[in-house]
Each structure stands twice: as structure tokens, then as C-alpha cells.
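[1] With the input below, show me the fold.
(one chain, ligands or ions: 1)
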Amino acid sequence: MSNNAAEVAKRRTFAIISHPDAGKTTITERLLLMGQAINVAGTVKARKSDRHATSDWMAMEKQRGISVSTSVMQFPYRECMINLLDTPGHEDFSEDTYRTLTAVDSALMVLDGGKGVEPRTIALMDVCRLRDTPIVSFVNKLDRDIRDPIELLDEIEAVLNIKAAPITWPIGCYRDFKGVYHLTRDEIIVYETGHGHERTVSRIISKLDSDEAREHLDDLYDSFVEELELVQGACHDFDRQAFLDGKMTPVFFGTALGNFGVDQVLDAIVDWAPPPLPRAANERTVLPAEDAFTGFVFKIQANMDPKHRDRIAFMRICSGQYEKGMKLHHVRTGKELRVPDALTFFAAEREHLEEAWAGDIIGLHNHGTIQIGDTFSQGESLGFTGIPHFAPELFRRVRLKDPLKSKQLRQGLQELAEEGATQVFFPERSNDIILGAVGVLQFDVVASRLKEEYKVECIYEPVTVWSARWVESDNKKKLEEFSNKAMENLAIDGGGHLTYLAPTRVNLGLTEERWPDIRFLATREHH
Ligand code: GDP
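    Numbers count the residues shown, from 1 in each chain. Prediction:
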């Protein structure tokens with residue numbers, strides 16, 4: 001095997017998908033504990049961008065230096081190098097989440113055992129299904145009262161439309177939680193309280209039909225054996241191919257807080273989840289072990305470290321090897337970019353990186369030239385597909401409290417818009433600035449960040465924009481004619497693209513009818 005192929009085979013790149021409060025942060029910590037990235041759980045302050053209250057979010061964001069460390073984490077586990085990508089759980093951040101999920105090869109779905117499948121779980125699964133991403137499932141909070149596990153599996157199958165294959169089965173819950181039974185290995189993994197914050201090796205009882213097992217399960221024994229017969233009769237056996245095809249999910253039970261069961265999940269990801277997969281570009285499919293470097297940017301984050309005004313572009317490597325100091329070809333601009341100082345996100349620290357392979361995420365310092373969706377190569381003209389921008393649905397006119405700061409305002413809005421959660425529009429006919437977002441929370445976040453990071457105070461005003469559409473046409477003359485006629489409603493977005501700001505739904509419908517040669521796009525992909 002070539003060096004590239006060997007490195008690729010070691011990589012596992014995944015994200016956790018869950019409804020807020022199901023336990024994603026707690027699991028993330030336990031995973032880092034396992035990867036020796038931290039020594040005691042509870043030491044990494046989690047990024048809580050998924051809290052409902054804006055104030056919480058902002059207070060947390062103040063600890064930005066920390067929050068960064070949890071948006072991409074790399075750690076070694078067994079023979080593998082794990083890349084764990086954080087996905088904000090709040091629905092206002094769905095675009096960011098969507099694009100992050102384009103950069104993973106598998107996902108871990110976490111359910112609160114007391115609640116089962118929740119709205120956000122469904123939405124995130126829908127996104128994963130677009131690429132048939134393999135899903136490992138973890139039912140959390142077994143140290144509390146949970147719903148009937150059989151009912152939970154039925155719910156996964158019925159609501160999420162994926163076959164569920166239990167790998168472990170819980171023995172009791174809440175105060176009676178005694179551990180899990182491994183269905184194929186015929187062993188009991190014993191749960192003991194008090195090990196929530198450190199690495200531990202669980203006691204194993206090797207057969208259910210043994211005195212040790214009878215003693216451990218005590219008066220739960222007979223009913224558990226009965227339940228197990230039912231489960232084994234009714235449930236699917238695990239089929240790896242079906243899992244890889246995104247049609248079946250292996251299910252594990254445990255408690256993240258009690259640090260129990262998370263190791264089994266990570267083992268499943270190492271054993272079963274795919275290494276970096278081939279990836280479609282407009283021109284061809286790129287294989288991860290190819291010699292030449294390729295990658296795409298799925299996320300941009302401004303001012304991660306408030307002391308250094310840095311904007312980091314997160315790039316997923318799709319093939320080849322990154323070496324410190326190498327030159328990359330920025331396909332959209334056609335320019336060469338020397339990268340002496342890409343960042344990796346090893347454990348809780350940002351570190352300067354020497355080399356990286358397909359599946360890894362590297363951070364590039366961005367000075368405004370890199371956009372979400374951009375492809376980098378070693379010269380080949382190539383564009384990875386499937387990293388869209390969505391038209392925003394909410395709009396506000398942005399006004400300054402101090403009119404002298406308009407330059408800072410423009411710069412701030414432009415830089416924050418690069419992150420993709422908001423979009424900024426400059427109407428052709430006025431000096432207005434219009435901000436568009438998918439969720440209303442974004443407006444508050446932008447105002448707060450403008451104040452903190454750019455020292456600009458702004459006010460929002462209502463504006464009659466119903467929706468935005470990116471405008472394209474193969475017919476240059478028609479486009480010019482349209483540009484003149486519709487000038488009132490045209491704007492240039494932060495990326496320099498012509499956009500139609502439709503005041504009403506009816507207006508958009510009529511305009512589309514009147515201009516059949518013009519395409520009005522609700523999503524835009526970079527080429
Ligand atoms: P997130 O919103 O998905 O990141 O969820 P968190 O990890 O922050 O967990 C939400 C709440 O559930 C926190 O108060 C956790 O302490 C708690 N929690 C997480 N895992 C468990 C668990 O296994 N058992 C119990 N009892 N509580 C848990």
C-alpha cells in the first residue's frame with residue numbers, strides 16, 4: 001500500500017447529530033478523554049451555540065478561544081486518526097450544519113433515551129440521507145428512566161426510515177442500570193457508577209448463561225433473558241453493507257455522563273465506519289489516495305481568536321497530502337496560495353501542522369479571498385459539488401448608530417457573511433445595506449459581534465424583501481435588459497453575485513414568468 005493509501009485507511013471523519021440536550025457535548029468530552037486529548041472530562045468548556053437563548057449563546061461565544069477547539073477535533077484512537085466535526089444544534093444554524101455534514105464520511109446519532117427521536121434528529125437525518133451517510137446510533141442517559149428500548153428502535157425505524165440493528169442491549173435503567181449485553185459476543189459489559197470523568201476499563205462477564213451473570217443481574221435475570229429472546233427474534237442482524245449504504249444503523253446504549261458505552265461507539269466507528277470516500281467533482285470523481293492534493297472549504301469562521309483578527313477557512317482534504325509550506329491552486333480565482341501555516345485542531349489546542357491526508361481538516365488563514373465551497377488543488381481545474389448556499393428567508397436593513405463608521409460596518413458584515421450564516425446585499429439603486437439570514441437569532445448574533453469585534457453599533461429596520469434569488473442567464477443580452485429594467489430590486493451579494501430581492505412572493509412569480517431566459521436560483525453552488 002502506498003503511504004497515502006495507508007494514511008487514508010486510518011482516517012475516520014464524523015460528526016455528531018442530535019437534538020439539543022441529548023448529550024452531544026458530554027459525549028464529545030468523553031470521546032476526547034478516550035483519545036487522550038484531555039485527562040479529566042469537564043475540563044473542556046463546550047461550545048453551546050445550540051442553546052435557545054441568545055444570551056447564553058453570546059456568553060458562551062465570549063469564550064471563543066475555547067469554542068474553536070470544539071468545532072474540529074482530531075485525536076488518535078487505536079490504530080486510527082479520528083476527525084470529529086462539531087455541528088451547531090440550533091436550527092438557526094442549519095446551513096452551517098448542512099455544510100459540515102458534507103465534509104464527513106459518517107455520523108453518530110445521539111438520542112436521549114427518555115425522549116427518543118426529536119425534531120432536530122429528524123432534520124439532521126434528512127441531511128445525512130442526501131449523501132447516504134452511514135449512521136451509528138447511541139441511546140443516551142440510561143442512568144435515568146428511559147422509554148422501552150424496543151419502542152425506541154421501532155421509532156427509529158418508523159420515523160427515520162432506517163433499519164435499526166441493536167449491537168448491545170441495556171440491562172435495566174435508572175437505579176437498576178447494570179450495564180449492556182453484547183448481542184453477538186455473548187458478554188455483559190458491567191456498568192459501575194463513579195467513573196464518569198476518567199478513562200476506565202469496564203468489567204466484562206463473558207456469558208449470559210453463567211453464575212456470574214445471574215449474580216450480577218440478580219432479580220432482573222429472568223425477565224432480561226425473556227426480553228432478549230424477544231429482541232433477538234424481532235430485530236435485524238447487523239449488516240455492514242447496509243450500514244455503509246446508509247440503510248441500517250447499529251444501535252448502542254449507555255450513559256455519556258457515566259462514561260459508559262461511548263467506547264463501544266468509537267470502536268464501531270473504527271471497525272465499521274468508512275475511511276475517506278471518493279468524492280464527486282464537476283469534472284470527475286476524486287479518489288482519496290491519489291497523489292495530487294485536493295480539498296474543499298466547508299466552513300469559514302471569522303475572528304476565532306479575538307486578539308488576532310483571524311478568519312479561518314476550514315478545508316476538508318479529499319486527496320493527496322498536505323505538507324507544510326506547499327503551494328495550493330485556488331481553483332475559483334486561478335491564483336496560487338502558499339500555505340506555510342495551516343492549522344490542525346489536534347485535541348483542545350490549535351497547533352501548526354506538518355502534514356495531513358484525505359479526511360483531515362486543515363484551517364487556512366483567510367484574508368477575504370477564500371469562500372465557502374472553494375476547491376483547492378495542485379493545479380488541476382476541479383470543482384467539488386454539493387456545498388450549496390441557501391437563499392436567506394429573513395431580511396433587515398442595517399443602519400449605523402454612528403454614520404462615520406460605514407467602512408467598518410461594510411467590512412464587518414462582509415467578513416461575517418463569509419461564514420455563510422448570514423448574507424449581505426448591496427442594492428444597486430441605493431446605499432442601503434441589507435442583511436439576510438435563515439434564522440432570526442442570526443441578526444442578534446451579527447449585531448453583537450459587530451459591536452465586539454468591529455466596534456460598530458448597528459440598528460435593524462424592517463425591509464420589504466420576501467426572498468432573494470441569485471440571477472443567472474446564458475443570454476447576455478436578456479440579462480442586460482433585465483438588469484436595466486429590474487434595477488430597483490437588484491443587489492450585489494457579499495460574493496459579488498447579482499441577486500434579485502423580491503418584495504413579495506407574487507412579484508417573484510410574475511418576474512420569473514416575464515423573464516423566461518433568466519434563472520432565479522434559490523441555492524447557489526460555487527464552481
Ligand atoms: P447537548 O445539548 O446535546 O450538547 O447536551 P449536553 O451534553 O450538554 O447534555 C445536556 C444535559 O444532559 C446536561 O445537563 C448533561 O449533563 C446531561 N447529560 C448528558 N448525558 C447524560 C447522561 O448520560 N445521563 C444524565 N443523567 N444526564 C446526561
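[2] Please make it C-alpha for all contacts and neighbour counts, starting now.
    Noted.
[3] which bits of the stretch 1-150 of the chain sit near the ligand?
    Pro20, Asp21, Ala22, Gly23, Lys24, Thr25, Thr26, Asn140, Lys141, Asp143, Arg144 (C-alpha under 6 Å from any ligand atom).
[4] Against Val110, how distant is the first one?
    Yep, that's Pro20 we're talking about. Separation of Pro20 from Val110 (C-alpha to C-alpha, to the nearest Å) stands at 10 Å.
[5] Settle it for me: which of the two has more neighbours?
    Val110 (27 against 24; other C-alpha atoms under 10 Å).
[6] Downstream of the helix or strand encompassing that one, the next helix or strand is which one?
    Using DSSP states H and E, Val110 sits in strand 106-112. On the C-terminal side of strand 106-112, the closest following helix or strand by DSSP H and E is helix 119-130.
[7] For that next one, which outside residues touch it?
    If you take C-alpha atoms under 8 Å, 6 or more residues apart in numbering as the criterion, helix 119-130 is touched by 17-20, 89, 91, 98, 101, 107, 109, 111, 159-160, 246.
[8] ok, 6 Å please
    Ser18, His19 (C-alpha atoms under 6 Å, 6 or more residues apart in numbering).
[9] which residues touch the helix or strand that that helix is followed by?
    As assigned by DSSP H and E, the chain's next helix or strand after helix 119-130 is strand 135-140. Contact partners of strand 135-140, identified using C-alpha under 6 Å, 6+ apart, comprise 106-113, 249-255.
[10] How about stretch 369-377?
    293-299, 328-331, 383, 387, 526.
[11] Distance-wise, check the residue in the stretch 51-200 of the chain that the ligand sits nearest to relative to Val438.
    Nearest residue of the stretch 51-200 of the chain to the ligand, counting by C-alpha to the nearest ligand atom: Lys141, 3.5 Å away. Distance from Lys141 to Val438, counting by C-alpha to C-alpha: 32 Å.
[12] Compare these two (neighbour count), which wins?
    The neighbour comparison of Lys141 against Val438 (other C-alpha under 10 Å) goes to Lys141, with 24 against 21.
[13] coming back round to it: for the contacts of stretch 369-377, pick the one with the most neighbours.
    Neighbour max across the contacts of stretch 369-377 (other C-alpha under 10 Å) = Gly295, 32 neighbours.
[14] Within range of the ligand, give me the residues from the stretch 151-300 of the chain.
    Contact residues (C-alpha under 6 Å from any ligand atom) of the stretch 151-300 of the chain with the ligand: Thr255, Ala256, Leu257, Gly258.
[15] So which of these is surrounded by the most neighbours?
    That'd be Ala256 among these, by other C-alpha under 10 Å, with 28 neighbours.
[16] Look up the closest residue to that residue, ignoring the ones flanking it.
    Ile27 (5.3 Å; C-alpha to C-alpha, 6 or more residues apart in numbering).
[17] Show the residue spans covered by the strands in the stretch 151-300 of the chain.
    163-166, 168-171, 179-182, 187-190, 204-205, 248-253, 279-280, 285-286, 294-302 (DSSP state E, counting those that start in this stretch).
[18] packing partners for the third one?
    When contacts are defined as 3 or more C-alpha pairs under 6 Å, 6 or more residues apart in numbering; DSSP states H and E, strand 179-182 sits against strand 168-171, strand 187-190.
[19] try the last one
    Of the remaining helices and strands, those touching strand 294-302 by 3+ C-alpha pairs under 6 Å, 6+ apart are strand 311-319, strand 375-377.
[20] Buried residues of stretch 487-500, list them for me.
    Asn489, Leu490, Ala491, Ile492, Asp493, Gly494, Leu498, Thr499, Tyr500 (16 or more other C-alpha atoms under 10 Å).
[21] first vs last residue of that stretch, how far apart are they?
    9 Å.
[22] can you check stretch 8-24 too?
    First residue to last in stretch 8-24 (C-alpha to C-alpha) measures 26 Å.
[23] Distance from it to the middle of the chain?
    Centroid displacement of stretch 8-24 relative to its chain, using C-alpha atoms, centre = their mean, to the nearest Å, is 8 Å.
[24] go on, stretch 193-210?
    Mean C-alpha position of stretch 193-210 versus that of the full chain (C-alpha atoms, centre = their mean) differs by 32 Å.
[25] isn't there a helix covering Val446?
    Yes - using DSSP: H, G, I helix; E, B strand; the rest coil, the assignment for Val446 is a helix.
[26] Flag every residue of the stretch 301-450 of the chain that's near the ligand.
    Taking C-alpha under 6 Å from any ligand atom, no part of the stretch 301-450 of the chain reaches the ligand.
[27] So which residues of the stretch 301-450 of the chain form helices?
    406-418, 441-454 (DSSP state H, counting those that start in this stretch).
[28] Same list, those, but as TSV with mean pLDDT and mean neighbour count please.
    Below are the helices of the stretch 301-450 of the chain laid out as TSV (pLDDT from 0 to 100; neighbours: other C-alpha atoms under 10 Å):
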stretch	mean pLDDT	mean neighbour count
helix 406-418	90	19
helix 441-454	89	18
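[29] nearest to Asp219, of those?
    helix 441-454 (51.2 Å; C-alpha to C-alpha).
[30] Which elements pack onto the following helix or strand past that closest one?
    Toward the C-terminus, helix 441-454 is succeeded by strand 458-462 as the next helix or strand (DSSP H and E). For strand 458-462, the elements it packs on are strand 394-400, judged by 3+ C-alpha pairs under 6 Å, 6+ apart.
[31] one more time with 8 Å
    Under the contact criterion of 3 or more C-alpha pairs under 8 Å, 6 or more residues apart in numbering; DSSP states H and E, strand 458-462 touches strand 394-400, helix 441-454.
[32] Could you give the average pLDDT over that strand?
    What strand 458-462 shows for mean pLDDT is 95.
[33] What residues of that strand count as buried?
    Cys458, Tyr460.
[34] relative orientation of that strand and helix 406-418 in degrees?
    With axes from the mean of the first three to the mean of the last three C-alpha atoms, to 10 degrees applied, the angle from strand 458-462 to helix 406-418 works out at 70 degrees.
[35] How about residues contacting strand 458-462?
    By C-alpha under 8 Å, 6+ apart, strand 458-462 touches Phe395, Arg396, Arg397, Val398, Arg399, Leu400, Lys401, Ala447, Leu450.
[36] Also stretch 187-194?
    Stretch 187-194 is contacted by residues 177-182, 202-208, 213, 258, 260 when judged by C-alpha under 8 Å, 6+ apart.
[37] Then stretch 494-513?
    So stretch 494-513 is contacted by 371, 414, 417-418, 423-426, 464-472, 489-493, 518-520 (C-alpha under 8 Å, 6+ apart).
[38] now stretch 520-527
    Outside stretch 520-527, the residues within contact range by C-alpha under 8 Å, 6+ apart are 332, 372-374, 383-391, 468-472, 500, 512.
[39] Give the rounded mean pLDDT of that stretch.
    Throughout stretch 520-527, pLDDT has a mean value of 75.
[40] And it, what's buried?
    Phe520, Leu521, Arg524, Glu525, His526.
[41] hang on, the earlier thing: so which of the contacts of stretch 520-527 belong to strands?
    Pro388, His389, Phe390, Ala468, Arg469, Trp470, Val471, Glu472, Tyr500 (DSSP state E).
[42] got the contact list for the fourth one?
    What it means is Ala468. Neighbour list for Ala468: Ala391, Pro392, Glu393, Thr499, Tyr500, Leu501, Ala502, Ala522 [criterion: C-alpha under 8 Å, 6+ apart].
[43] Skipping adjacent residues, who's closest to the fifth one in space?
    Spatially, and ignoring its direct neighbours in sequence, Tyr500 is nearest to Leu490 (4.7 Å; C-alpha to C-alpha, 6+ apart).
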